[in-house]
Structure formats: structure tokens, C-alpha cells
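Student: Here's a sequence, model it:
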Amino acid sequence: MRTTATIFRGFVEFLILWITSALAILALDKILDGITLQSSDVGVTALATLPAAMILALVFGVLNTALWPIAVRLMSWGGPLLLFLMTFVTSGLILVLALYLVPVAEIDHPFSAFLMALPLSLISSLIGGAVASRSDTAYRLMLVRRQRFRLRREPRPADETPGLLCIQIDGLGHGVLRRAIADGVTPTLAKLVRESHTLIPWHTDWSSQTGATQLGILHGSNHNVPAFRWYDKSTGHTSVFSNPRDNELREEERAEIPGLLATDGASRGNLFTGGAADNVLVVSRMRGARLGGGAGYTSYFLDPSNALRTVLGMIAEIARELRQSAHQRRRDILPRVPRGGVYPFVRAFTTVLATDMTVSAVVRDMIQGRSIIYADLIGYDEVSHHSGISRPETLSVLTRVDETIRLLLAAAAQADRDYRVVVLSDHGQSQGATFRQRYGESLAQLTGRLCGHSVEQPRKKAESEGGLYAAASVNAAAESEPAQARTPVVLGSGNLGLISFPAIDGRADTDAIEDRYPGLLDALRTHPGIGFLLVARPDGSSVVLGADGSVDVASGVVTGVDPLQHFGDDALDKARRTDGFDNVADVMVGGAYWPETDEVAAFEEQVGSHGGMGGPQSTPFLLYPADLPAPDDPVHGAQSVHRILAGWRDHPLPA
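Tutor: I've put the predicted structure just below:
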């Protein structure tokens, strides 16, 4: 119910915004030559145009409230880029309409109305935040209160099960988080750990990347997912988790399993829907007409100041990236990777626009009282790929993620429904100079040289997972081209490599590979940048090959030096599970891991990487309310996390 205090606070906010908007119009009237406010005889020259400014500010505000939601819904069918650009045009058109309805000013140059509308939106944003305090969180919480008035809500039953909000910090390893808590980088998460929540690690499958993890968590199964991208011999198709159609197929394959979000759930910023009917920035739904209004992102633009705030934030982020990358080059900080091209824009998208839109949607979900919400904050993962997993610039992004979580916790406290908040990650990241940097050639080039001919590989050099949201529809066609019939297909996912031989029918075994490509397996297994190979034998069994030994996959019997000894106690179980996939590559390549430095050599051009085994990439975290049932220790695999979250989703209030 609306309390007297809430109504009074809303009225005060309205008065402050109205007065400050009027003062802003007065100032802009002096600056812009194209608009002249009418003067009135008030006895004070400086205040002669104040009545006109007050009237114009009031009418502009009322029209914005009435017309903006309609305009946004109409524009949304043109797609997100058009909507983002048209928000600025629409503000100007609404101001022109206000000037037409209440002729309190003369317009010499209509373009001046657009120039006036933009700073007006910005001033509303800044002043709105200052109503409570000077923090961005205060501004956003003010928007929460506004949405509470706009949205229709039924009274919540007294015995209602609390909602479950799952916040995924993409790519944040358990070890990095523990250090961040100790060093004061993440004060919000530190407060949760020390007062109300329990922090534990969990262990990914071999494929330690968002596609495999989210498919397992949201849809209950990540069977037949060997990597971020893989080649299917039976179809000649290369599947990749940045392709919306491929992701949609992965969901269809699991249609018989109830999704985590199937009942009154919401999916925000993820690769998959989890069965939710309501989705925002979900890659599996970024196809065709669903790139328009059906994509679910329009609610973010219902407040006209959002687009302006976001574009200013993106500009600042691009400038920050250019400065930080120059600092790395100037100081010769190693390892590092090139950070030019479109990457500064991708970083701005992931750390600003995608985050803002996701948070806006989650806040709305909690106000509406949804039963379960799963949201992915992808900024840390993207910056880690290019900057390193715990360097100062990366940790500064993590601090902003922590601030975002503080906002969501505060918004949850204002929701009518109680919410349990779980924070988790989908994988960690491991650091190190890339395979190409260390050895002068990529895994694909090495394989091609050993095989005696060129190798088919994706056109896009290295695709970080954080950037896949921005590039999803653009790169889908290039990533999915069928391989040439007679050449090996070599794909990389962090320090996990996949080599397939289309010229060899079925799954190639050691004899078939040796017969066609003599010496290939021996050259790969002894290469210093390769830790081990998983390959089939002629008798139907499989073996893990290392430089000085091997492991029988079925029995676990080691011959010579165990090639998996530095990859974790569960390394053989991970290899055994992947070996049972229908689409396992002919040769699964585990990149080298150096425990003395905790480094890997990624087959992609990423200084912080994940996708395989070795180091922190395989150990994400789970942070959950201490009053929920503790999961089994240890937690292995994304499918186990699905069962845990489903249990917490349905966990009743204590008696």
C-alpha cells in the first residue's frame, strides 16, 4: 500500500524536478539563440521569463509522462539501435509539441528545441539522484519509487514464498572474489558474507564457459556441449553460443526438462531463456522480429533520461579504455593483448548499456513481484579478457558491479514481495600469455603445418564472451559456415582446443589419425603449450595422452606420468563425461597449465581466458542466504547448480 510518507516523498520529488527544470529552461533560454521565452511584468527583470519557464517545464513534464511510453513502444519495432537513436529525437519533438500547445516562447530555429530537450533530460536525471543523495544508487532508487506508482500490483498474500533473485557476475572466480573482499574492492559482497550469506566455491564441467554453464543452470542439462564452439561432423555445422539460432536449438533439445524460470520467471542478459516467457537481452531470442518490441528491452527507455545517461556513460567508458590500454603499452605490462578496433565500444556496451538495461529490467521484475529472476552482469568478464583477471582497471569494473548489486539489494528491500538474493558466477578466468604469443603460431596454424595443408577456422579471430551480446546477430553467419570437406577443423575456447577431421568418417581413433596424418598426435602431445589430448582408440575405448604418459579414460589406469595431475582431482571425471558426448571432437586438446605461475596459454587472443581446465577458470563461486539449505560439498557441474537453485526457488518460509 502507498504510505503517506511515500506519497509525500513523491510530491517533494515532483516539486524539485519541476522547479529545477524551469531554472534549466531559463538558463538555456539565455544560451540558445533559437528560442526566446515570453517576458511578464513581475517587477524584477531577472525573473521576467520565470512564469513562462514554469509553464513550459510543467507541460513538457506532463507530455513526457503521457506520450513517452507510447512513443517508445512504437519505435521499438525498428530494433534496439533505432530505438536508442530515436530517443533523442523524440525528446525534441515532445518539447516542440509543448511549445506549440502553450505558446510561451518564440522558436526561430526548431533545431534549438532538440538542443534544449537533451540537457533537460540530463538535468532531470542528475537532480533526481540528488534528491536523496549524490550517488547513482539514489537516483535509481528514485526510479524504483516512480515505477511503484506506475505499475499495477495485486496485494501479496501473507504466506507467499519469497521470490528468488539470482545475480550472475560473469567470469568472476572464487579466489579473485575472496581477495576482492579482503582488499575492500567489493564492500557490498563483503557485507553479505560477513552478515547474512555463505560463500562457497563450485566446480565447472570441462567446458568452463557461459554457454555450457547457463544451459546447465537454466535448462537442467548441458549434455553434448563440449565447448563454446564445436564442429558437428554429422551436419558439417559449427555451433557457437553467440548464434541466436544455435542457442534456440539448444533450448529446443531440452524442451522436456522444465526450465528454472518456466513459472513466473524472468531472464535478463543471458544466453538462454530458462523457460521464461519474459526476456531482456537474451541471445536465444535475438532473431527476426524479436529484435524489435518482443525482445523485452523497451521498458528501459520508458524513462527518457536513461538513454542520455547511458550514452554519456559509454563515452566515459570508451575514454577510460583508451587511457588504460595506453598505460599498459607505455609501462610494457605483460601479458597483454591488443585492445583496439571495436573493443572499446564492446567494453562500453557490456559495462554500461547492457548493465543499465539489465538492472532496469530486474528492478521492474521485483516491483511486479516475479517468483524467480536470473540476471547476468557481463562487464567484469569482458574487461578481464583484455586487461587481466585482477589488475587495477579490472577490479575497478568489479567495484562498479558491486555497486550495482548494492542497488539491486536496496530495490529488493522496497519491493512488496520478499526476495532471497543469490549471487553466483558461471566460471572463473585463468591468466597468461596466449598460445600464439608464446610459440609464434596459433593452434590452427600448428595443426595445419603438421597435417601438411591449411585448416578451416572461424573468420573472427577471437571472440570474448562478453562481446557476444553486441555481436550476436552480426557474426552468426560467419561462425556457422560448414567446413571444407577434406581439411581439419580447429576451434578454440580459451585453452580448450577441438580438432575434427571431416575426411575421416565417424569419430577418428588413434590409428585412423596416424594413418592419415603420421606423427600428428605425437607432435601435439609433446608440444610445450599442450597439456594433454583426449582421443579414441580403435577398440572403442578412449585415452588421455600427455608428453610422458597416458590415462585410460574408463579405468583411470595411469601409464608413465599422469598428464592430468595438475588439472584438479576431478579432471578425469570431466574428461570421461565429455568423452561420452555424441559430438565430442576427434581430438580434444587441453592447453598447458603451469601451476608454479598459475597460468594457461589460451588458443584465443585473450590475456584472461576460460573454457578449459587449469587454474581459477574452473572454480566459480556461490553466495547464498545462510538460512537456505546448504548444498552438498563439493558442488560439481552446472546441472548440480540447477538442482540447487530449483530447490531454493521452491523453499518455503520457515514455520
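Student: what residue is smack in the middle of this protein?
Tutor: In the chain, the centroid-proximal residue (CA atoms, centre = their mean) is residue 378; its distance is 2.8 Å.
Student: what residues are up against residue 568?
Tutor: 203, 613, 618 (CB atoms under 8 Å, 6 or more residues apart in numbering). Heads up, the C-betas are built off the backbone N, CA and C, glycines and all.
Student: how about a cut-off of 10 Å?
Tutor: Going by CB atoms under 10 Å, 6 or more residues apart in numbering, residue 568 touches 203, 574, 593, 613, 614, 615, 618, 619.
Student: From residue 495, how far out is the fourth one?
Tutor: Taking CB to CB, to the nearest Å as the measure, residue 613 falls 8 Å from residue 495.
Student: Between these two, which has more neighbouring residues?
Tutor: Counting neighbours by other CB atoms under 10 Å for residue 613 and for residue 495 shows that residue 495 has the greater number, 34 against 30.
Student: I'd say that one and residue 588 touch.
Tutor: No. If you go by CB atoms under 10 Å, residue 495 and residue 588 don't touch, sitting 11.8 Å apart.
Student: what touches both of the two?
Tutor: residue 612.
Student: need the next SSE after the helix or strand of the chain with the lowest mean pLDDT, C-terminal direction.
Tutor: Each helix and strand of the chain was given a mean pLDDT (mean pLDDT, DSSP states H and E); the minimum falls on helix 468-479 at a mean of 32. Downstream of helix 468-479, the next assigned helix or strand under DSSP states H and E is strand 489-493.
Student: The contacts of residue 568: which two are farthest apart?
Tutor: 203 and 593 (15.3 Å; CB to CB).
Student: Those two: which is more packed in?
Tutor: Set side by side, residue 203 and residue 593 show more neighbours around residue 593, with 23 against 20, by other CB under 10 Å.
Student: pLDDT score for that one?
Tutor: For residue 593, the model assigns a pLDDT of 98.
Student: Just give the nearest non-adjacent residue to it, would you?
Tutor: Excluding the flanking residues, the one nearest residue 593 by CB to CB, 6 or more residues apart in numbering is residue 614, at 2.9 Å.
Student: that older thread, settle this for me: the residue nearest to the centre of the chain is touching residue 270, isn't it.
Tutor: Yes. Using CB under 10 Å, residue 378 is in contact with residue 270, at 9.5 Å.
Student: joint contacts of these two?
Tutor: Common contacts of residue 378 and residue 270 (CB under 10 Å, 6+ apart): 168, 170, 210, 281, 358, 469.
Student: Farthest pair within those?
Tutor: The distance between the two most remote of these (CB to CB) is 14.4 Å, for 210 and 358.
Student: So which of those two has more stuff around it?
Tutor: Per other CB under 10 Å, whichever of residue 210 and residue 358 has more neighbours is residue 210, with 29 against 24.
Student: got the contact list for that one?
Tutor: Contacts of residue 210 by CB under 10 Å, 6+ apart are 168, 170-171, 217, 228, 241, 270-272, 283, 376, 378, 381, 425-427, 465-466, 468, 610-611.
Student: Tell me how far it lies from residue 218.
Tutor: From residue 210 to residue 218 the distance is 11 Å (CB to CB).
Student: list residues touching both of these two?
Tutor: 270, 271, 272.
Student: can you redo the residues you listed as JSON lines with distance to residue 29, neighbour count and pLDDT?
Tutor: As requested, the shared contacts of residue 210 and residue 218 are exported to JSON lines (distance: CB to CB, whole Å; neighbours: other CB atoms under 10 Å; pLDDT from 0 to 100):
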{"residue": "270", "distance to residue 29": "47", "neighbour count": "30", "pLDDT": "96"}
{"residue": "271", "distance to residue 29": "49", "neighbour count": "29", "pLDDT": "97"}
{"residue": "272", "distance to residue 29": "51", "neighbour count": "29", "pLDDT": "97"}
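Student: Next, format those residues as a markdown table and append distance to residue 257 and secondary structure.
Tutor: Compiled in a markdown table, the shared contacts of residue 210 and residue 218 are given as follows (distance: CB to CB, whole Å; DSSP: H, G, I helix; E, B strand; the rest coil):
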| residue | distance to residue 257 | secondary structure |
| --- | --- | --- |
| 270 | 17 | coil |
| 271 | 16 | coil |
| 272 | 12 | coil |
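Student: Pick the one among these closest to residue 353.
Tutor: residue 270 (16.0 Å).
Student: Check the contact between the closest one and residue 286; I expect there is one.
Tutor: No. With contact defined as CB under 10 Å, residue 270 does not reach residue 286; the gap is 11.3 Å.
Student: Report the buried residues of stretch 428-440.
Tutor: Across stretch 428-440, burial judged by 16 or more other CB atoms under 10 Å covers 428, 429, 430, 431, 432, 433, 434, 435, 436, 437, 439.
Student: I meant stretch 382-397, not that one.
Tutor: Using 16+ other CB under 10 Å as the test for burial, stretch 382-397 gives 382-391, 393-395, 397.
Student: could those residues go into TSV alongside distance to residue 97?
Tutor: Shown next, in TSV, are the buried residues of stretch 382-397 (distance: CB to CB, whole Å):
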residue	distance to residue 97
382	40
383	42
384	46
385	46
386	45
387	46
388	51
389	51
390	52
391	50
393	44
394	46
395	47
397	41
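Student: How about the contacts made by the residue nearest to residue 593?
Tutor: Counting by CB under 10 Å, 6+ apart, residue 614 has contacts 208, 430, 432, 494-496, 531, 566-568, 571, 590-595, 598-601.
Student: Any chance of a ChimeraX selection covering the buried ones in these?
Tutor: Selection of buried members from the contacts of residue 614 for ChimeraX, criterion 16+ other CB under 10 Å:
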select :208,430,432,494,495,496,531,566,567,568,571,590,591,592,593,599,600,601
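Student: Lovely, talk soon.
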